[in-house]
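S.K.: From the sequence below, what's the structure:
(one chain, ligands or ions: 1)
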Amino acid sequence: MEEKYLLTCPVCENKNWSKIYRIDSWDIEECENCGFAKIDPLPPRGNRQLCYSKEEVVARNTKKKSFSRNLSRAAKRLFGKITKRNKSDIFYNKLRKYLPPKSKILDIGCGDGSFLQLAKNEFNCAGIEISEYLASLAGRIDGVSIRSGNFLNTDFKGETYDAITLISLLEHLDDPLGALSKCFSLLNENGILLLKTVNYGCINRKIKKAKWTGLRPPDHVVYFAPHNLSRVLKRCGFSKINVKAWPFNDNMYCDAIK
Ligand SMILES: [Zn+2]
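M.R.: Residues are numbered from 1 along each chain as shown. Just a heads-up that it's a prediction; the model follows:
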């Protein structure tokens, strides 16, 4: 029998949902109380590991690059490097603002380790990645410790961290409350959670509706807006929560302190 989850809103515990958009074979549903959104039906949990197998990851990355399809190979490589670099720089600079050198960092959903490659210059770095293929790439980076597996099922054996980063990961999780609560428990006192996720509250989504680039079922399963992201982090126990969202940016950034 199919497992039912996310029936209750992880932000406000309401159980009533409204269908807002239809995209291929999925509905996008909003919580009638707080506006948190999710896809329906949710992808079966047993398939998650499979979704991130080498073949799927490679196929997805090829598809995602459609924007740069017409560029020359050298320009494409440069474009890829610059966008990856920018994202890593933002998080690296934030970590340096908050933490002294050698602090312990955990990057959840670390992918091929491109962020940790930079962060290890100053910090003591670890990563976890659900795709065995990407974890094997990240594992080749000297001096970082990489686990392969599902974050929620992983036993960290009492290990704690000074900072946790979730870079474009939250939207992929069907248990965002569980994941953020686990982040809270893995952080040291005054530890910091840094995250980037798609902003369901942005103007682009309101204009483009079902055609908004952030709506990507079944890859993106949950969608927060700034107000309900703050609310769910408060629910997990975080105190100082700072969400940075710009009306025309498809993504938002958030720093939260334990
Ligand atoms: Zn809600």
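S.K.: how about the strands in the stretch 51-200 of the chain?
M.R.: Taking DSSP state E, counting those that start in this stretch to define them, one finds strands in the stretch 51-200 of the chain at 104-108, 124-129, 145-148, 161-167, 187-198.
S.K.: export these to a markdown table and tack on mean pLDDT, distance to the ion and mean neighbour count?
M.R.: Every C-beta, even on glycine, is put in place using the N, C-alpha and C of the backbone. What follows is those, written out as a markdown table (pLDDT from 0 to 100; distance: least, CB to the ion, whole Å; neighbours: other CB atoms under 10 Å):
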| stretch | mean pLDDT | distance to the ion | mean neighbour count |
| --- | --- | --- | --- |
| strand 104-108 | 98 | 24 | 25 |
| strand 124-129 | 97 | 28 | 23 |
| strand 145-148 | 96 | 32 | 18 |
| strand 161-167 | 97 | 20 | 24 |
| strand 187-198 | 97 | 16 | 20 |
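S.K.: for the ion, what are the nearby residues on the stretch 51-200 of the chain?
M.R.: The stretch 51-200 of the chain comes close to the ion at no residue, as judged by CB under 5 Å from the ion.
S.K.: Quick check, the residue in the stretch 51-200 of the chain closest to the ion?
M.R.: residue 177 (11.0 Å; CB to the ion).
S.K.: tally of neighbours for the residue nearest to that residue when sequence neighbours are not counted?
M.R.: Once flanking residues are discounted, residue 177 sits nearest to residue 10: 3.7 Å by CB to CB, 6 or more residues apart in numbering. Using other CB atoms under 10 Å, the number of residues around residue 10 comes to 26.
S.K.: Tell me the pLDDT of residue 59.
M.R.: You'll see residue 59 listed with a pLDDT of 70.
S.K.: next one: residue 178
M.R.: 96.
S.K.: which residues does the nearest residue in space to it that is not next to it in sequence contact?
M.R.: Closest residue in space to residue 178, ignoring its immediate chain neighbours: residue 152 at 5.8 Å, by CB to CB, 6+ apart. The neighbours of residue 152, taking CB atoms under 8 Å, 6 or more residues apart in numbering as the test, are 175, 178, 179, 182.
S.K.: redo that, cut-off 10 Å
M.R.: Listed by CB atoms under 10 Å, 6 or more residues apart in numbering, the contact set of residue 152 reads 45, 108, 130, 173, 174, 175, 178, 179, 181, 182.
S.K.: tell me which element whichever residue of the stretch 101-250 of the chain sits closest to the ion is part of?
M.R.: Nearest residue of the stretch 101-250 of the chain to the ion: residue 228, at 6.6 Å (CB to the ion). According to DSSP states H and E, residue 228 maps onto helix 226-236.
S.K.: Please work out which residues outside whatever helix or strand comes next after that helix touch it.
M.R.: For helix 226-236, the following helix or strand on the C-terminal side (DSSP H and E) is strand 240-245. Residues outside strand 240-245 that contact it (CB under 10 Å, 6+ apart) are 190, 192-193, 195-197, 199, 201-202, 224-227, 229-234, 251-258.
S.K.: Could you tell me how many residues sit around residue 18?
M.R.: By other CB under 10 Å, the burial measure for residue 18, its neighbour count, is 12.
S.K.: cool, residue 19 as well?
M.R.: 10.
S.K.: Let me see the contact set for it.
M.R.: 27, 28, 29, 30, 40.
S.K.: before we move on, the earlier item: how about the helix holding residue 228: buried residues?
M.R.: 226, 228, 229, 230, 231, 232, 233, 235, 236 (16 or more other CB atoms under 10 Å).
S.K.: Among those residues, list the two that are farthest apart in space.
M.R.: 226 and 236 (16.1 Å; CB to CB).
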